[in-house]
Structures are given as structure tokens and as C-alpha cells.
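Trainee: Okay, structure incoming, though there's no sequence with it:
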RNA sequence: GCGGCUAUAGUUCAGUGGCAGAACGCCGCUCUGUGGCAGCGGAUGUCGUGGGUUCGAAACCCACUAGCCGCCCCA
């Protein structure tokens, strides 16, 4: 820095747009969600896969689709520098989704050669350069899974589709998500889709000029998306358009019917939504989306997914049909928080307490736990003994915080009561006699105990 | 990427041109081996950033940044 360049005094650096910090009052809920997902996935035979957070840009343009919004305008892409004159700079991209990376890994490690069905799950951040909004961030987290394998492994079977959907319904139920809705559709195989696309274009040609500008654009670029339109005025026209169901090949139709039959048998509720088209190019046949009504506003899609029978080949791999999904973890958590707040409000009847500002998560599985004990040394001379005692109790598996002998006793009690269920007083007497005074906040009970008794009492073992 | 709303203490917010405020929280004292309660006292702060108007700006104007809402899209 040149001397003339006077440093601006206090320009604090903030998290970049669309990214955020998760502080310790939030992370227990995130961990709860993630450990629940891990537990359920493993019951269904899934193993975890971790793939790189950035990949060759081509991976995404080939799989997700050059013309999609994600690839055409939302990726964080940069040119990696060439390390030698002979080397070409490589275009790299922060992953906007993980299915492409997982399938790349499947191909790269020849997992198909095992002949076995691969069931893989991942949890991690994704990056899209969209305008931030509630439930939509530039770095967001997805919990996803893929079922993929050679045809002989049964990867194409409708039982796999139904199993994945049933697993998701179990996951949402177990997490306590209420009022979720599953929308389901079949977009057919690649041929079905091509024929349907052509038919849509044909049907739209004479009427598209009557539609809103967005739909006129879609009619040209991606006619399937017209079906998604929320434009009220255009609904009448949209209802007259051909239905995908009429273009499904007998094989696609049978596949879809078998998925539905398996869902019926396992009691998973669903809505067939002929207008549900997913945005990524690689989807074939079954597509689905789970939505909720609480907490997400307009970004009400909690998770989405579908089958991608041609993806491996698009990436230069062997034929490997598959099905997968991605859960928006940020959205899942917003939903859980909104539900908890709604519950707390209902509990309070007509709430009229304006002074309550702390987030309401009382009684939830993820509410922060109090420490087992707070050790209060009395006088600075007791600090070393306090730290030693803390070490021993921590090694015994207890959660312990240590104060400072410089604190006044009143302050120690205040802090201890906030953090812990017990306070351990360590004064000159206790240190000299190798004992400690243990007080239980809930009961006000206070005892003097030696070190072994202390550990037992804190662990809830009868001395 | 487009449109709208918003930005003041740690938090939630009041403050429509004239001394920067409340509540909760925080710190201290009453109280140097016994907390929660109470009383008293204290600090809360580049009023998002930069410019402009004005004798004077937290307030009015412009730009920027960020958040939220809607669109687009998606998880």
C-alpha cells in the first residue's frame, strides 16, 4: 500500500450478497435435519458421496442444458489460469446442483462395472447467481440422493421411483413437516418429449401472440414451460393445449402407472399434475416436486427431482438410468422454523406480549442443551485447579464451562444459571480438601462432595 | 435480469427539518462464599455507504449497497 493511500478507517467487510452465516443458535437445527436425513437414507441402503464443489463448466452445460436459466445466466464461472504456455486455461464453475457431479463420479469410477445398483446421497452447498429472496440464496444447501446403475441392476424399474418418493414422504413426516404436497408427472422418454414439444409448438403458433410476453418467449425457447405459467389471463389458452399424457409411449405410460400403483400400495398421497415440468434438460419420465404452504412465501418448492435415464450417456458414460432428487435444506429449515413459530403463537392463545423477541424454539428436539455444569473458581488462585477439574469432568463425558476466579460470586451465579444446570464452587477450602461444592439450580440443593462423587452425581449415578 | 418496499443501540422498533430515543438484553453497584427478584446507576450508535439541498438532515433529493416482497426461475 502506498503511503498516499490512506486506509479507510472502519470499512467492515460483510458476507457477500446472497450468502449468510449460520451461528451456533441455528446450527443445532441444521444438524438435526442432516442427521435425520442421514439416518433415513442409510435405512434405505444409501451411502454418502462427496464430490467437488467446482467442476469443469462443460459438465453443467451438457447435463443441465445450455438453454436453461441455470446455465445461461446463473453460474459462477471463471477461467482457471493456465500453468504453462502449452496448457489451455480451463473454464471452471461452482456447482449449481449436484446430480451432474454425482453422475460424473459414477462414470469416472466405473461404478456401473460393479453391476450393482448405486444408491448415493450427498449434503452440501450449491451456487447460483440469482437475485436473493427468502428461501433463495446464492449459496444454498441441498440434501440429495441418486439411484443409478446399469439396466441389469433394475435402475429403470418403477419400484425405484416409488421407493424414492416413499422415502421422501417418510423423511418429511419424521422431520415433522406438515401439510406437504407431492405433485407428480411423467414427461415421457426422450422421443415422447420430442413429439410432445413439436405438438406444443404447433398448437402455440396460432395463439401465442395472445399470451403474455413471457409466454411468447417460452413458446419459442421452451414450450414445456408455458404449462408452468401462472399468468391468469393465459390459463384459458393453456387448458386447450395438448396434454403430455396423450404423447406417452406405451412403455412410458406403463412405467408411470406402475409407479402410481406402488405409491397407492404404500399409502403415499400424491397429485398427478400434467403441468409439472422440471427445468433441467436431463429429466425423463417421472418428475416430481414437494411443496409446502408454511414459511416459504412464493418459493414454496421444498424439493424436486425426477428420472434421468439418458444423463450418463449425455456425459459420455454407459447407459445408466437413474432417479434422484434434491431437497432445499434452507427451505426445509425455514419451514420448520415457521411451523414452530406458528405453534408457539397458537400455544400463547392471542399473544399480546410485545417484549418477547427471542426466537421461539422451546421444547423442540433441536433446542440448545444446557451444559452439565459451570465451574466457578473463587479467587484467581483457584483457576488452575478449576481448569484441571474441568479437564477431568470433560474426559468423563460431561459438558463443562469454566469461569474465572476474578469474577465476583454473584456474577458467576448469573452466568452459570444461564449456561448450565449445576454450578460447582471451587474455593480455597475445596481445593485444599480436594472436594467441590455442587449446587443444582432446579432444586437449590447444595452438597459438598469429593471428586468421584461429583462425577457420579453429575452423570446422574447414585453415589 | 425487471418492478415495489425497507435500512436508527446486541435485538425489536419509535423518532416528518432543530440536543439520538423506548423496551428487552448487556455492564456496574447495593452484594468479596450463594444466583434468579428488586432498587440505583452506566454504555449503548460511522442513524446502511457516498454525495447533494439547507443556517441546520436520522428525516428531503440522487446514486450505490444490502435485506424483504412480487416477476422470472428454481431447491
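Mentor: Perfect, I can see it now. For clarity, every value in this text was computed on a predicted model and none was experimentally measured.
Trainee: from here on, contacts and neighbour counts on C-alpha atoms
Mentor: Noted.
Trainee: per-residue confidence at residue A:74?
Mentor: Model confidence at residue A:74, expressed as pLDDT, equals 93.
Trainee: can you pull the contacts of the residue in the stretch 51-200 of chain A positioned nearest to RNA strand B?
Mentor: Proximity of the stretch 51-200 of chain A to RNA strand B (CA to the nearest atom of the strand) peaks at residue A:134, 3.1 Å away. Contacts for residue A:134 (CA atoms under 8 Å, 6 or more residues apart in numbering) come out as A:296, A:297, A:299.
Trainee: what does the stretch 301-450 of chain A put close to RNA strand B?
Mentor: Contact residues (CA under 7 Å from any atom of the strand) of the stretch 301-450 of chain A with RNA strand B: A:301-305, A:326-331, A:355-358, A:378, A:408-411, A:413-414, A:417, A:425-430, A:437, A:439-442, A:444, A:446.
Trainee: In contact with residue A:209, which residues?
Mentor: Each residue near residue A:209 by CA under 8 Å, 6+ apart is listed here: residue A:216.
Trainee: if we can go back for a sec, which of the contacts of residue A:134 sits closest to residue A:452?
Mentor: For the contacts of residue A:134, the residue nearest residue A:452 by CA to CA is residue A:296; the value is 51.5 Å.
Trainee: Does that closest one touch residue A:336 like I think?
Mentor: No - at 10.2 Å, residue A:296 does not count as touching residue A:336 under the criterion of CA atoms under 8 Å.
Trainee: Quick one: classify the nearest residue to residue A:88 once chain neighbours are set aside as helix, strand or coil.
Mentor: Nearest residue to residue A:88 in three dimensions, chain neighbours excluded: residue A:82, at 5.4 Å (CA to CA, 6 or more residues apart in numbering). Under DSSP: H, G, I helix; E, B strand; the rest coil, residue A:82 falls in the coil class.
Trainee: Could you tell me whether residue A:401 really is in a strand?
Mentor: Yes - assigned with three-state DSSP, residue A:401 falls within a strand.
Trainee: ok, it - contacts?
Mentor: Counted by CA under 8 Å, 6+ apart, residue A:401 has contacts A:371, A:373, A:374, A:375, A:390.
Trainee: ok, of the residues of the stretch 301-450 of chain A next to RNA strand B, which come out buried?
Mentor: Buried by 16 or more other CA atoms under 10 Å: A:301-305, A:326-331, A:378, A:409, A:413, A:417, A:425-427, A:430, A:437, A:439-440, out of these.
Trainee: Poorly predicted segments of chain A, please.
Mentor: Counting by pLDDT under 70, the ranges of chain A that qualify are A:1-11, A:347-368, A:461-463.
Trainee: in it, which residue is closest to the centre?
Mentor: With distances taken as CA atoms, centre = their mean, residue A:329 lies nearest the centre of chain A, 2.1 Å away.
Trainee: so the residue lying closest to residue A:269 once chain neighbours are set aside is in which element?
Mentor: Leaving aside its chain neighbours, residue A:269 sits nearest to residue A:182 (7.0 Å; criterion: CA to CA, 6+ apart). Assigned by DSSP states H and E, residue A:182 belongs to strand A:181-186.
Trainee: re earlier: so how far is residue A:151 from the residue nearest to the centre of chain A?
Mentor: For residue A:329, the distance to residue A:151 equals 31 Å [CA to CA, to the nearest Å].
Trainee: what number of residues lie near the residue in chain A positioned nearest to RNA strand B?
Mentor: Residue nearest to RNA strand B within chain A: residue A:279 (2.6 Å; CA to the nearest atom of the strand). Residue A:279 has 15 neighbours, counted by other CA atoms under 10 Å.
Trainee: try the one 3 residues further on
Mentor: Neighbour count of residue A:282, defined by other CA under 10 Å: 20.
Trainee: in stretch A:29-42, what counts as buried?
Mentor: A:29, A:30, A:33, A:37, A:38, A:40, A:41.
Trainee: Let me know whether residue A:447 touches residue A:437 as I believe.
Mentor: Yes - look at residue A:447 against residue A:437 with CA under 8 Å: they come within range, at 5.7 Å.
Trainee: where along the stretch 301-450 of chain A do the strands fall?
Mentor: With DSSP state E, counting those that start in this stretch as the criterion, the stretch 301-450 of chain A has strands at A:301-307, A:322-328, A:371-377, A:400-402, A:420-426, A:435-440, A:446-450.
Trainee: Can you list the strands that the second one pairs with?
Mentor: In the sheet containing strand A:322-328, its partner strands are strand A:139-148 (antiparallel), strand A:301-307 (antiparallel), by DSSP bridges.
Trainee: do the same with the last one
Mentor: According to DSSP bridges, strand A:446-450 has the following sheet partners: strand A:435-440 (antiparallel).
Trainee: contacts for the strand it pairs with?
Mentor: Contacts for strand A:435-440 (CA under 8 Å, 6+ apart): A:421-426, A:430, A:445-451, A:454.
Trainee: can you give me the angle that strand makes with strand A:420-426?
Mentor: On the basis of axes from the mean of the first three to the mean of the last three CA atoms, to 10 degrees, strand A:435-440 is oriented at 150 degrees to strand A:420-426.
Trainee: hang on, the earlier thing: where's the residue of chain A closest to RNA strand B, which helix or strand?
Mentor: Applying DSSP H and E as the criterion places residue A:279 outside every helix and strand.
Trainee: Quick check: closest non-adjacent residue to it.
Mentor: residue A:68 (6.9 Å).
Trainee: pretty sure that neighbour is in contact with residue A:282, am I right?
Mentor: No - if you go by CA under 8 Å, residue A:68 and residue A:282 don't touch, sitting 10.9 Å apart.
Trainee: Please identify every residue contacting each of those two.
Mentor: By CA under 8 Å, 6+ apart, no residue touches both residue A:68 and residue A:282.
Trainee: Please work out how many residues are found near residue A:105.
Mentor: Here the number of neighbours of residue A:105 (other CA under 10 Å) works out to 16.
Trainee: does it sit in a helix, a strand or a coil?
Mentor: Residue A:105 - assigned by three-state DSSP - is helix.
Trainee: so what's it up against?
Mentor: By CA under 8 Å, 6+ apart, the contact set of residue A:105 is residue A:51.
Trainee: Residue numbers of the stretch 101-250 of chain A in contact with RNA strand B?
Mentor: Of all the residues in the stretch 101-250 of chain A, those lying near RNA strand B are A:128, A:130-138, A:140-142, A:214, A:218, A:225, A:228-231, going by CA under 7 Å from any atom of the strand.
Trainee: Find out how far stretch A:294-301 is from the centre of the chain, if you would.
Mentor: The chain centroid and the centroid of stretch A:294-301 are separated by 15 Å, computed with CA atoms, centre = their mean, to the nearest Å.
Trainee: Stretch A:264-273: which residues count as buried?
Mentor: Using 16+ other CA under 10 Å as the test for burial, stretch A:264-273 gives A:268, A:270.
Trainee: Distance of the closest residue to residue A:335 other than its chain neighbours relative to residue A:22?
Mentor: Distances taken as CA to CA, 6+ apart put residue A:295 closest to residue A:335, at 4.9 Å, once the chain neighbours are dropped. To residue A:22, residue A:295 is 18 Å away according to CA to CA.
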